[in-house]
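Q: This is a predicted model, with the sequence first.
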Amino acid sequence: MEDLSFHHPVRERAGGIRQSAIVGVVASGNLEVLVERVLPDAECAVEIKTAAMGFGEVWSAVIGDFVERYSPGGLKFSINDGGARPDTVSLRLAQAVRLIAGSDR
Amino acid sequence: MTAPLQHVAPAERARSTSFNEASARTRLDLLLDAGSLVEFIGPEQREVSPHLEIFDLPEQFDDGIVVGHGRLGGAPVFVAAQEGRFMGGAFGEVHGAKLTGLLRAAREIGSIPVLILFDTGGVRLQEANAGELAIAEIMRAVMEARSAGVKVIGLIGGRSGCYGGGGLIAGCCSALAVSEAGRVAVSGPEVIETNRGVEEFDSRDRALVWRTMGGKHRRLLGAADVFADDTVQDFREAARELIGLIGPFGLDRLRAEQGRLADRLRRFGACQDAVDIWTVEGVADAETVPELPADQFIALASRIGRSSRDAR
């Protein structure tokens, strides 16, 4: 297992009022993303535990692109990864932002 | 373009969502009254397995099981749903403790039914002793809850089926609803083949696996009381039906269950294959049963299929 951690300054606070949301399952080629609204509005953090070693640069690129595109200010993402491909990671992160932007809870 | 999900009525979503393909959380969201699910020890509490890290294996924040409470047709229920895609839905220490705790809470309250959405290959091998202990604790907790008047209902239609200790726990439940994909057994196909040889059971023969362990056979034998089509809505209706049907539990019922099982062994003990059993039961063209669509099979099952309604 490898632990990775990323911090990014963010332009805008993420939408919605939900405090947390979860999406995905830890399985081969899949991952779970737990997102929590626990940071200052101009910050974003992503903490990853992955079964695939040595892909730090790919993660860095995927997370950088995601932060740029969605501006997830105030959100902390915790990821358990079972060796998902970058496109699956991007999809789950986008789903997590959409879920926490919901109005319920 | 598909319509945004919030504009689709929950019942419509439940009707169009495959139970087999949905995640544990999606199953519960759509099975219960909309928005009523409240989770105990949710993923944000990060109660992960204490064992998987030793094996350098990934953890899941809920350890592969969602437990909580919600409403079904307005009435309160306790729920547990296993995530069959995380380590085959297997029982580990934390996973098992969450279900044990839920059942003990139900026992203390006494009147609120428990729905268990099984989706499991059995005990998680990496935490074998803790997992085996969990199975024993859960079986005891099911029987204690039932003795206190709690209805404990198993819903089986996940991709991992209900095997190993999961099959034992299912056998302790007040009633079961099962879909075609919901296989129920203790030893799985590969385990039987490994121990007894390919002549005994060819695990690669999918048709054999399905007619021996699949939902249709379990329904016809009376192990499952309701056969559900593979939608979350169908399982929701099955759960409501079973809550209404289950009678009181006591020594008389256990004796009736023993009688039911002894009778089953007497009638079918010499049969070599599930098709032989269906033939003895009076099913015409028994070999066509695996191909029957759900509605036709349900009609056949209510005509011929057994039920454990007076036993269990």
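A: Good, I have the coordinates.

Q: quick one: contacts for the residue in the stretch 201-312 of chain B that chain A sits nearest to?
A: For the stretch 201-312 of chain B, the residue closest to chain A is B:Val232, as judged by CB to the nearest CB, at 16.8 Å. From N, CA and C alone the C-beta is placed, and that goes for glycine too. Listed by CB atoms under 8 Å, 6 or more residues apart in numbering or on different chains, the contact set of B:Val232 reads B:Ala14, B:Arg15, B:Thr17, B:Ser18, B:Phe19, B:Ala22, B:Thr26, B:Arg27, B:Leu30, B:Leu31.

Q: Distance to chain A and neighbour count added to these, as JSON lines?
A: Below are these laid out as JSON lines (distance: CB to the nearest CB, whole Å; neighbours: other CB atoms under 10 Å in any protein chain shown):
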{"residue": "B:Ala14", "distance to chain A": "17", "neighbour count": "24"}
{"residue": "B:Arg15", "distance to chain A": "21", "neighbour count": "15"}
{"residue": "B:Thr17", "distance to chain A": "16", "neighbour count": "19"}
{"residue": "B:Ser18", "distance to chain A": "15", "neighbour count": "15"}
{"residue": "B:Phe19", "distance to chain A": "16", "neighbour count": "29"}
{"residue": "B:Ala22", "distance to chain A": "11", "neighbour count": "22"}
{"residue": "B:Thr26", "distance to chain A": "10", "neighbour count": "17"}
{"residue": "B:Arg27", "distance to chain A": "12", "neighbour count": "29"}
{"residue": "B:Leu30", "distance to chain A": "15", "neighbour count": "23"}
{"residue": "B:Leu31", "distance to chain A": "17", "neighbour count": "27"}
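
Q: Just the closest of the residues you listed to B:Gly222, please.
A: Top of the list for closeness to B:Gly222, among those and by CB to CB, is B:Phe19 at 21.8 Å.

Q: Now do the SS call for that closest one.
A: The assignment at B:Phe19 comes out as coil when based on DSSP: H, G, I helix; E, B strand; the rest coil.

Q: I'd like the distance between the closest residue in space to it that isn't next to it in sequence and chain A.
A: Distance criterion CB to CB, 6 or more residues apart in numbering or on different chains; nearest residue to B:Phe19, sequence neighbours excluded, is B:Gly157 at 4.4 Å. Separation of B:Gly157 from chain A (CB to the nearest CB, to the nearest Å) stands at 17 Å.

Q: taking the contacts of B:Val232 one by one, which sit in helices?
A: Using DSSP state H, B:Ala14, B:Arg15, B:Thr26, B:Arg27, B:Leu30, B:Leu31 are the members of the contacts of B:Val232 that sit in helices.

Q: how about the strands of the stretch 1-150 of chain B, start to end?
A: Assigned by DSSP state E, counting those that start in this stretch, the stretch 1-150 of chain B shows strands spanning B:38-40, B:65-72, B:75-82, B:114-118.

Q: Switch those over to CSV; also include distance to B:Asn195 and mean pLDDT.
A: Below are these laid out as CSV (distance: least, CB to CB, whole Å; pLDDT from 0 to 100):
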stretch, distance to B:Asn195, mean pLDDT
strand B:38-40, 38, 98
strand B:65-72, 29, 98
strand B:75-82, 25, 98
strand B:114-118, 23, 98
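
Q: Highest mean neighbour count across the ones you listed, which stretch is it?
A: Comparing these by mean neighbour count (mean count of other CB atoms under 10 Å in any protein chain shown), strand B:114-118 ranks first with a mean of 27.

Q: other SSEs contacting that strand?
A: Packing partners of strand B:114-118 (3 or more CB pairs under 8 Å, 6 or more residues apart in numbering or on different chains; DSSP states H and E): helix B:24-31, strand B:75-82, helix B:93-109, strand B:152-156, helix B:165-172.

Q: Any residues of chain A in contact with chain B? List them.
A: Taking CB under 8 Å from any CB of the partner chain as the criterion, chain A approaches chain B at residues A:1, A:20, A:22, A:25-27, A:30, A:32, A:34, A:36, A:49-51, A:78, A:80-82, A:102, A:104.

Q: And those residues, which of them are buried?
A: A:1, A:20, A:22, A:25-27, A:30, A:32, A:34, A:36, A:49-51, A:78, A:80-82 (16 or more other CB atoms under 10 Å in any protein chain shown).

Q: so A:Gln69 is in which element?
A: For the record, residue A:69 is Arg, not Gln. Assigned by DSSP states H and E, A:Arg69 belongs to helix A:56-70.

Q: Helix or strand next in line after that helix, which one?
A: strand A:75-81.

Q: ok so, going back, could the strands of the stretch 1-150 of chain B go into TSV alongside distance to B:Asp56?
A: TSV is the format used below for the strands of the stretch 1-150 of chain B (distance: least, CB to CB, whole Å):
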stretch	distance to B:Asp56
strand B:38-40	28
strand B:65-72	22
strand B:75-82	24
strand B:114-118	28
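
Q: low-scoring stretches of chain B, by residue?
A: Applying pLDDT under 70 to chain B flags residues B:1-6.

Q: Give me the buried positions along the helix or strand where B:Gly244 lies.
A: Per DSSP H and E: B:Gly244 is located in helix B:232-245. Judged by neighbour count (16+ other CB under 10 Å), helix B:232-245 contains these buried residues: B:Val232, B:Gln233, B:Asp234, B:Phe235, B:Arg236, B:Glu237, B:Ala238, B:Ala239, B:Glu241, B:Leu242, B:Ile243.

Q: right, and the helix or strand after it?
A: By DSSP H and E, the next helix or strand past helix B:232-245 is helix B:251-268.
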